[in-house]
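A.B. asks: give me a model of this one.
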Amino acid sequence: MPPKQRVVFLDWLRVIACFMVMVVHASECVYSNDYSFSFPSELGRWSVCLINGFVRPAVPLFLMASAYLLVPLHTDTGTFFRKRLTRVVVPFALWLVIYAVLPALWGEISIETAKANLAQIAINFIPRASHLWFIYMLLGIYIIMPILTPWLERVSRREEECYILLWLFTTLFWHAHEIFGDIFGECWWNPFPLFYYVSGYVGFVILAHYIRKYLDWDMKKTLAIALPCFLAGYGICIWWFYTRSFTVEEVRLLELSWQTTSFAPVLMSFGAFMLIKQINYSGKKVYGAVMSISAVSYGMYLMHMLFLPYIFAPLNEVLPVPVTIFATATLTYLATYIVSRAISMMKIGKYIVG
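C.D. replies: Sure, this is the predicted structure:
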């Protein structure tokens, strides 16, 4: 597709967000085992805090890119789901199986564990493929996009703004639960309280639609509003993560302030999206490379955890923490691009890397 027919900034966004995801996971290798955490040094603590905190918009940016293009739907529901099946569901299912069994080839897991993994993926992702949680969420969003479409086609700007403000209120609940416990009708027999259906990742979908329809800002306005939003969210992420790293023992408590549907990362995501939206450079050589990466970014995401831990381990032995994080992310990015690009050239490539 010629550059003039593409939404240029979305290609740049995918390229940036994909790298951000890999920085997130490289950072997590420094301190987290999913349940508990520790830092190798004070440099390690600050490196994770500053670097990982900066890339918290990674997942929301991917979701907003999809929503920006897809909602309201431009096709009938059947066509929409058929395309998602080919481009998203089939590669996702294939990589679940790959993560379940492939490590057995080099002895990381036993054959018995591989069999248990295969049984588990019929229910949920396995720890080796924990990054694929995002795809489950994305598929859930796809399911409700046909329901959202009629509303988005008829809703007024003021009504849409009211919904977004209500959703922003729900992003505070990560910390409200710490203070109050169950809130607004929430209890062990009712996990769907008052604001449940207006919370979560669907808010990013509405936000992306709102941006596309109403926010055509120039650079000056973007820098005046979006940049402060990003920096304010980043500041909250840094402060909260750093101070909590001394007072809590579980990763789930440490990372409350930068859960992707928490207030600070939402601010950052809005700011980052609006800033990236200003990128319109489509020079043939540079933008050609950007389009090439963008086209296989889904495949890069799917496969990157097959590379990243093995790249991180030797680098972590010899390099300072911040250098290790960026080197790991960069090498993983290059490796997954090369492999994804090669696969995409095959006749069945779209069923493997989307």
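
A.B. asks: could you dump stretch 196-215 to CSV, C-alpha only?
C.D. replies: C-alpha atoms of stretch 196-215 as CSV (Å, rounded to 0.1, in the frame of the first residue of the first chain):
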residue,chain,number,x,y,z
TYR,A,196,-17.3,-2.5,36.2
TYR,A,197,-18.8,-2.2,32.7
VAL,A,198,-17.4,1.3,32.1
SER,A,199,-13.8,0.4,33.3
GLY,A,200,-10.8,-1.4,31.9
TYR,A,201,-9.4,-1.4,28.5
VAL,A,202,-12.6,-0.5,26.6
GLY,A,203,-11.8,3.1,27.7
PHE,A,204,-8.8,3.2,25.5
VAL,A,205,-11.0,2.2,22.6
ILE,A,206,-13.3,5.1,23.2
LEU,A,207,-10.4,7.5,23.8
ALA,A,208,-8.8,6.5,20.5
HIS,A,209,-12.1,7.1,18.7
TYR,A,210,-12.5,10.5,20.4
ILE,A,211,-9.0,11.5,19.4
ARG,A,212,-9.6,10.5,15.8
LYS,A,213,-12.9,12.4,15.6
TYR,A,214,-12.2,15.5,17.6
LEU,A,215,-8.5,16.1,18.4
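
A.B. asks: which residues does Gly271 contact?
C.D. replies: Counting by CB atoms under 8 Å, 6 or more residues apart in numbering, Gly271 touches 57, 226-231, 233. Heads up, the C-betas are built off the backbone N, CA and C, glycines and all.

A.B. asks: ok, Phe19 to Ile126 distance?
C.D. replies: In this view, Phe19 and Ile126 are 25 Å apart by CB to CB, to the nearest Å.

A.B. asks: could you do Asn316 as well?
C.D. replies: Going from Asn316 to Ile126 by CB to CB gives 24 Å.

A.B. asks: just to revisit the earlier point, let's see which of the contacts of Gly271 end up in helices.
C.D. replies: Taking DSSP state H as the definition of helices, the contacts of Gly271 contribute 226-231, 233.

A.B. asks: top of those residues by number of neighbours, please.
C.D. replies: Greatest neighbour count in those, by other CB atoms under 10 Å, goes to Gly233: 26 neighbours.

A.B. asks: list the buried residues in stretch 199-218.
C.D. replies: Using 16 or more other CB atoms under 10 Å as the test for burial, stretch 199-218 gives 199-212, 215, 217.

A.B. asks: picking that back up, now for the contacts of Gly271, which pair is the farthest apart?
C.D. replies: The span of the contacts of Gly271, defined through CB to CB, is set by Pro57 and Pro228 at 14.9 Å.

A.B. asks: and the host helix or strand of Phe9, C-alpha only, in CSV?
C.D. replies: In the assignment (DSSP states H and E), Phe9 maps to helix 8-31. Once non-C-alpha atoms are left out, helix 8-31 reads as follows in CSV (Å, rounded to 0.1, in the frame of the first residue of the first chain):
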residue,chain,number,x,y,z
VAL,A,8,1.6,7.3,8.7
PHE,A,9,1.8,8.0,12.4
LEU,A,10,0.3,4.6,13.2
ASP,A,11,3.2,2.8,11.5
TRP,A,12,5.6,4.9,13.6
LEU,A,13,3.5,4.1,16.7
ARG,A,14,3.6,0.4,16.2
VAL,A,15,7.4,0.5,15.7
ILE,A,16,7.8,2.5,18.9
ALA,A,17,5.3,0.6,21.0
CYS,A,18,6.8,-2.8,20.0
PHE,A,19,10.3,-1.6,21.2
MET,A,20,8.7,-0.3,24.4
VAL,A,21,7.2,-3.7,25.1
MET,A,22,10.6,-5.3,24.8
VAL,A,23,12.1,-2.6,27.1
VAL,A,24,9.4,-3.4,29.7
HIS,A,25,10.2,-7.1,29.6
ALA,A,26,13.9,-6.6,29.7
SER,A,27,13.5,-4.4,32.7
GLU,A,28,11.3,-7.0,34.4
CYS,A,29,14.1,-9.5,34.0
VAL,A,30,16.2,-7.3,36.4
TYR,A,31,13.9,-7.4,39.4
